[in-house]
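K.L.:
From the sequence below, what's the structure:
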Amino acid sequence: MKLVVVESPTKAKAIKGFLGKDFNVFSSYGHVRDLPKSKLGVDPEHDFEQQYVTPVKARKVLTELKKALTKADELILATDEDREGEAISWHLCEALKVKPESAKRIVFHEITKEAILEAVQNPRHLDTNLVDAQRARRVLDRLVGYKLSPLLWKKIARGLSAGRVQSVTVRLIVDREKEREAFKAQEYWSIDGLFNTPRHDEVKTNLTQVAGKTLDKFEIATGAAADELKNKIQNATGWQVANLEEKDGLRHPLPPHMTATLQQDAARRLGWTGKNTMRVAQSLYEGVELPGRGHTGLITYMRTDSLNLAERAIAQAAQVITHNFGADYVETRHYKTNAKSAQEAHEAIRPTDFSLTPQSIQGALDARQLKLYRLIWERALASQMKAAKVKATIVQIKDADRQFTFEARGQVVTFPGFLKVYALAIKDELLPKLEPNEALTLKQILPEQHFTKPPARYSEATLIKALKDHAIGRPSTYAPTIDTIETRRYVEKDEEKRFYPTDLGKAVNTLLVENFPNIVDIEFTAHLEDDLDQIASGAKPWVPVIRAFYDPFAALLKEKEATIVKSDFASQPTDKICPLCAKPIVKKFGRFGQFYACTGFPDCKHTEAIVETTGVKCPQCATDGRSGEAQGEIVERRTRKGKIFYSCNKYPTCKFALWDKPTGAVCPTCGALMVAKNKSDDKCSNKECVSSQK
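P.N.:
This is a model prediction of the structure:
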């Protein structure tokens, strides 16, 4: 009997079905050993020796594994093929008292019978370099977190945390907010021209040149300059088509997903967080029951920075494309990642079987699984299809003296190619029929004022892209990092679901930037990731890498514990006076954000919540008929888990509440408050109102 150990019970069930009676398949339910939560668990004085413990939840599992091992003549470790999976296998060997070199290690990128059987026939030894890289990351993050966090407790507020990756992520968001605050809008104008053809078709154009000079974006800087140009253009005569050009172009498909692009795509197209995306992707990887097939893994391993596709998958994609669209739509493509070290897996994220179309298996998936599977299937299939062909038309219209040039552009998709499967923002933009030298009539000149906009806040998608581009963390860390900084309330999302730093996040970032610049330095963090990659490849031993980081860090930490003044970060003066002792009140930071507190503490323990009002009067107070009581206002509040909602400041007397922020307007249909749903759309807060159901 051979004992096979995986992390997940779902994965264990699938593999058991493929291997048969000679194999006993167990799930470890993740790690069976970890560093203790109550103490550092790392000894810097003895080469960062780790003091591992068995979590309570893993003790029963470990007992069952030890018992099963006594009946087995071979141990096969089948955890995920990445650093984390390699480390889990190493911990299993240590906990089961099995020499790593005596265990067999198998890896696979998809949970299918073919892949599992092939892996069993081709075992390898445990990769100690990958184990060392994961242990080094764990030690590095533990040293930063457990050494820096207590400093934040002393200098800002208890319950805070710092982390090597999370702190840099917060800095990205804080720096972007500073750019926005420092931004000064610049005015500029554009001028459109409407022309009529002899057939009375209308052509909308944009002024691009004056007296042979191409206008740059800020050429027309004021309304006065725009009006002056408008008058000159209106006096011009003899307008005609001066140039008519057609160009053939191509739009190429995107490569298949890797972890970062899957999270970005799901954020843009589905509005999902990275955490939710990876949770659903995990369920697709582990598989579902399909009629006639049994338990089937639907996608390849979802933690990867590779763009490679197996030749078998490429061939099958070509068959599916040919069957559905014809051979003219097939184009074999091989993609290479630009990542410095794409070691997390050897394939991009793709369906395990392209013939399993989203439509054919929708009955076996829940709504979220179906949405993500369709996203993965469409993009992977499209990556093996021909480019879309586009014919672009460029028209230039000039006056008789050639003083002014207006331009219009149109395009027509002449061959859809991959767009048949994976739609991009490419659409037909038709121009009316025009002839070279054809005379046109100027109908109207339309000057328009514009202002430059500040850099946009990070969305889930653009933040993940920034983390990847700057080599901050690894594919497996993007989602938990973002989740952590939200849970810690260092950042929040605005109405457009874009990140901005809280006052607490700004305070923590300021302390770290001013006192521990390396910890929040983007290039320094990326350099550490390079070191971890070199450990994984065997090019560097892990202890010297950690030592080179830790010794100067520990010295700096000792210095800063004595020199950082808590008042510099922990409180801000206000104009409020304590109602109990008449001493000044200041803003302080707590683990849930800022609050008001009396400076007489600890003699006076008066505190007040900081309430953000929307300025909108409570509609329920106005109708309850409570005589002599002022009408309440809608203020911003939080649930115990930190979710924002809006309610009357007269609570508990008035219990009116909304999940969405009221705009102050009322519904023309029912009179209820309108709420902001997204950037461009408001909605009635009354769910029974017909207008809210549109």
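K.L.:
Would you agree residue 494 is in contact with residue 456?
P.N.:
No - using CB atoms under 8 Å, residue 494 is not in contact with residue 456; the gap is 10.8 Å. For every residue, glycine as well, the C-beta is placed using N, CA and C.
K.L.:
How is the protein divided into domains?
P.N.:
Per the record, the chain has its domains at 2-126, 137-183+459-563, 187-252+388-451, 266-382, 567-609, by automatic domain parsing.
K.L.:
Of all the ones you listed, which one is nearest residue 675?
P.N.:
Checking the domains of the chain against residue 675 by CB to CB gives domain 137-183+459-563 as the closest, at 9.8 Å.
K.L.:
could you pull out the helices for the stretch 1-150 of the chain?
P.N.:
9-19, 56-70, 83-96, 113-121, 128-155 (DSSP state H, counting those that start in this stretch).
K.L.:
returning to what we had before: TSV for the domains of the chain, including mean neighbour count and distance to residue 619?
P.N.:
Converted to TSV, these look like this (neighbours: other CB atoms under 10 Å; distance: least, CB to CB, whole Å):
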stretch	mean neighbour count	distance to residue 619
domain 2-126	17	48
domain 137-183+459-563	19	21
domain 187-252+388-451	15	35
domain 266-382	19	29
domain 567-609	15	23
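K.L.:
where does the stretch 201-350 of the chain dip in pLDDT?
P.N.:
Across the stretch 201-350 of the chain, the ranges flagged by pLDDT under 70 are 339-345.
K.L.:
redo that, cut-off 80
P.N.:
Low-confidence segments of the stretch 201-350 of the chain (pLDDT under 80): 337-346.
K.L.:
Show me the residue at the heart of this protein, geometrically.
P.N.:
Geometric centre of the chain, nearest residue: residue 460, 3.4 Å, by CA atoms, centre = their mean.
K.L.:
So that residue sits against residue 481, correct?
P.N.:
No - using CB under 8 Å, residue 460 is not in contact with residue 481, being 11.7 Å away.
K.L.:
which residues of the stretch 551-694 of the chain fall in helices?
P.N.:
For the stretch 551-694 of the chain, the helices defined by DSSP H, counting those that start in this stretch cover 567-570, 619-624.
K.L.:
what sits against the residue nearest to the centre of the chain?
P.N.:
263-264, 267, 272-274, 482, 497 (CB atoms under 8 Å, 6 or more residues apart in numbering).
K.L.:
do that again at 10 Å, thanks
P.N.:
263-264, 266-268, 271-277, 478-479, 482, 493, 497-499 (CB atoms under 10 Å, 6 or more residues apart in numbering).
K.L.:
returning to what we had before: just give me the lowest mean pLDDT stretch among the helices of the stretch 551-694 of the chain.
P.N.:
Of all the helices of the stretch 551-694 of the chain, the minimum mean pLDDT falls on helix 567-570 (a mean of 63).
K.L.:
same for the helix or strand where residue 375 lies, what does it pack against?
P.N.:
Using DSSP states H and E, the element containing residue 375 is helix 367-382. Helix 367-382 sits against helix 259-270, helix 274-286, helix 311-325, helix 358-361, with contacts defined as 3 or more CB pairs under 10 Å, 6 or more residues apart in numbering; DSSP states H and E.
K.L.:
among these, which is nearest residue 22?
P.N.:
Residue 22 sits nearest to helix 274-286 of all these, at 22.8 Å, using CB to CB.
K.L.:
gap between the closest one and the chain center?
P.N.:
The chain centre lies 14 Å from the centre of helix 274-286; the measure is CA atoms, centre = their mean, to the nearest Å.
K.L.:
which element follows that helix toward the C-terminus?
P.N.:
Next element after helix 274-286 (DSSP H and E): strand 288-290.
K.L.:
all helices of the stretch 351-500 of the chain, in order?
P.N.:
Remark: helices assigned in the stretch 351-500 of the chain by DSSP H, counting those that start in this stretch are 358-361, 367-382, 460-469, 478-487.
K.L.:
Of all those, which one is nearest residue 210?
P.N.:
helix 460-469 (36.5 Å).
K.L.:
show me where the stretch 151-300 of the chain has helices.
P.N.:
Applying DSSP H, counting those that start in this stretch to the stretch 151-300 of the chain gives helices spanning 164-182, 223-235, 259-270, 274-286.
K.L.:
Quickly note the distance from residue 269 to residue 644.
P.N.:
25 Å (CB to CB, to the nearest Å).
K.L.:
again, but for residue 171
P.N.:
24 Å.
K.L.:
Same check on residue 132?
P.N.:
To residue 644, residue 132 is 43 Å away according to CB to CB.
K.L.:
Tell me which of these two has more neighbours.
P.N.:
residue 132 (23 against 14; other CB atoms under 10 Å).
K.L.:
Residue 37 reaches residue 53, doesn't it?
P.N.:
Yes - here residue 37 reaches residue 53: they are 8.8 Å apart, a contact under CB atoms under 10 Å.
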